[in-house]
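*Asks:* just coords:
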């Protein structure tokens, strides 16, 4: 696992995400084993591309949330197949996102579609998506299939919405929220809710875990979008400035547009709407965003979601896992790379 | 519905496919209503692209098979949601296939990815795929979800296998059979099997419908591949010669390669392996294929599957529906456009 190190107030350098992975070490290992086993295909290119993605790693935050929600609800919970399914859905959407967004890098490696081609990326994404449903079938729970089929549909809708609003300077904060709700929060929510249900949680508990996942996902994506204008490539493990180059209007830009001088509006229109950028423009964008203090403003919007996630979590049975899930909230909103 | 007219031995000009659609008229209308209702999204571009595909029509043979298998097993069967799910899976794979294969036309219209772009096509394919699983969840049958999740995974593997063997003159008949089994027969089989199960069929009956669908699908795709070298654009409603231009080695070419003179082998290698084609080459390919009589040979391979499909069908309870399903077999293998 590619750790996100973060200095804690206690002086420890172990992030709550790492701590969670430690607490769930056995289940996480089992989940990784399922991921490795079920990405195999008798078609060599499928296994090869899947292995490339798995080797690329990533934080595995979604399956970790599934395992955590399950374990928080029952010590005896077995959610490794479900957690693998959640990661497969996420990986499939990344693959299709890479195809459509032509992003040059993901997770610090050349993206799969650059190495294997768009064709293979679309099809292996389909393979992983179908495999996720095969794994969910094995949970023998229609309710879980319902939750994740719905989340998968919402993710696709969110990607289309984002696409239709790319370069559109009129985008509202509400539309931005709708995009990240669909693109990110829906799977975070489904990962937590399905994990709780897999452990036999009652409807009220499952709903609280769904809310925790939803609000964590909203905050997570907002911070990610802020970081895209504040971090550098080495820190982030992916190209900072991707959103800017692709004309995606995200939180910091939407907030900066509200305070923009006429010259700045012209700048954003040229760069984001007209896709007419020079090498120096990203630095200018960073400067404008810093000037208007929109990163702090954005963090405060994210903090509202953190508060809501915390509220939902306090309504569940308190365990060592929920303590760490609570710490994860502060970690997510304070990370800066 | 875009009818495939075929002169029957009885002197009627109604094809068994049209006859099946007549027999299942009420259910087919209900299925079309489900398709129309469930392709809607609050994201306008999603509905728009889906509507474009639905307007393009197509034969709807897969949902028709689902409805037919269900009705053959029980008069009271209600399989319209399932039939819509099967069509959504098919449409999603067409959308992704268009993206990856850059085919210029499908069903006589410009393909969706030419009109809406690859990006939207990939994402709306994902939407339809997820929507299919939502519809399947509504059947409340884990077994049906299992069958269609598996079929979806196999389709993706088949597309990758086809891609890896494109332009490869060493392809065997066995490899070709594996490709079309995955690409086409798997969904035909799943459409029939799941329809039977939705109607409460026992395991043996469901298996016979699965076999019927599998062998019908094999024959259907083989004939399709033969027609690509014998039909013209107007008859087919799509570009004849697509497989040739894309370097896909299909049944008629594989059979022709077995009998090829050294000059012909050089010809196939230049056109299919080296993707070095001139406008006149398709005509030359047709001439070589006609000379070796590979179309008749190919039809005889398809006939073996027709025989196997018929055998499976005779083991089920005989009804008006199964009589028409039987006639459909001869129709599929004899069609020439």
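*Replies:* Thanks, I have the structure now. Bear in mind that the values here come from a model prediction, so they are computed numbers and not experimental data.

*Asks:* For the rest of this, base every contact and every neighbour count on C-alpha atoms.
*Replies:* Noted.

*Asks:* Correct me if wrong: residue A:326 contacts residue A:311.
*Replies:* No - contact criterion Cα atoms under 8 Å: residue A:326 and residue A:311 do not qualify, at 9.8 Å.

*Asks:* Name the residue in the two with the higher neighbour count.
*Replies:* Ranked by neighbour count (other Cα atoms under 10 Å in any protein chain shown), residue A:326 and residue A:311 place residue A:326 first, with 19 against 15.

*Asks:* Endpoints of stretch A:224-241, how far apart?
*Replies:* 11 Å (Cα to Cα, to the nearest Å).

*Asks:* tell me the mean pLDDT for that stretch?
*Replies:* Stretch A:224-241 shows a mean pLDDT of 73.

*Asks:* tell me which parts of the stretch 51-200 of chain A are close to chain B?
*Replies:* Selection of the stretch 51-200 of chain A residues close to chain B by Cα under 8 Å from any Cα of the partner chain yields A:96, A:99-101, A:118-120, A:122-124, A:126-131, A:133-134, A:137, A:140-142, A:145-146, A:149-150, A:152-154, A:156-157, A:159-161, A:163-164.

*Asks:* hmm, 7 Å instead?
*Replies:* Within the stretch 51-200 of chain A, the residues that sit near chain B (Cα under 7 Å from any Cα of the partner chain) are A:100, A:119-120, A:123-124, A:126-127, A:130-131, A:133-134, A:137, A:140, A:142, A:145-146, A:149-150, A:152-153, A:156-157, A:159-161.

*Asks:* what about the stretch 101-250 of chain A, any weak spots by pLDDT?
*Replies:* Within the stretch 101-250 of chain A, the segments meeting pLDDT under 70 span A:101-116, A:232-239.

*Asks:* So which residues of it form strands?
*Replies:* Secondary structure of the stretch 101-250 of chain A (DSSP state E, counting those that start in this stretch): strands at A:105-106, A:109-110.

*Asks:* which residues of the stretch 201-337 of chain A fall in helices?
*Replies:* Assigned by DSSP state H, counting those that start in this stretch, the stretch 201-337 of chain A shows helices spanning A:203-227, A:233-236, A:242-246, A:251-258, A:262-268, A:281-291, A:294-314, A:320-334.

*Asks:* Just say which of those is most tucked in.
*Replies:* helix A:203-227 (a mean of 25; mean count of other Cα atoms under 10 Å in any protein chain shown).

*Asks:* who does it touch, helix- and strand-wise?
*Replies:* Packing partners of helix A:203-227 (3 or more Cα pairs under 7 Å, 6 or more residues apart in numbering or on different chains; DSSP states H and E): helix A:186-198, helix A:251-258, helix A:294-314, helix A:320-334.

*Asks:* That one: how far from the chain's middle?
*Replies:* Distance, stretch centre to chain centre, for helix A:203-227: 10 Å (Cα atoms, centre = their mean, to the nearest Å).

*Asks:* what angle sits between that helix and helix A:320-334?
*Replies:* Orientation of helix A:203-227 against helix A:320-334 (axes from the mean of the first three to the mean of the last three Cα atoms, to 10 degrees) gives an angle of 30 degrees.

*Asks:* Quick one: work out the angle between helix A:203-227 and helix A:186-198.
*Replies:* 150 degrees.

*Asks:* Show residues contacting helix A:203-227.
*Replies:* Residues outside helix A:203-227 that contact it (Cα atoms under 7 Å, 6 or more residues apart in numbering or on different chains): A:69, A:180-181, A:184-186, A:188-190, A:192-193, A:196-197, A:250-252, A:295, A:299, A:302, A:305-306, A:308-310, A:312-313, A:315-316, A:329, A:332-333, A:336-337.

*Asks:* And for stretch A:171-185?
*Replies:* A:154-155, A:158-159, A:161-162, A:165, A:213-215, A:217-218, A:221, A:250, A:254.

*Asks:* biggest separation within those residues, which pair?
*Replies:* A:165 and A:213 (25.4 Å; Cα to Cα).
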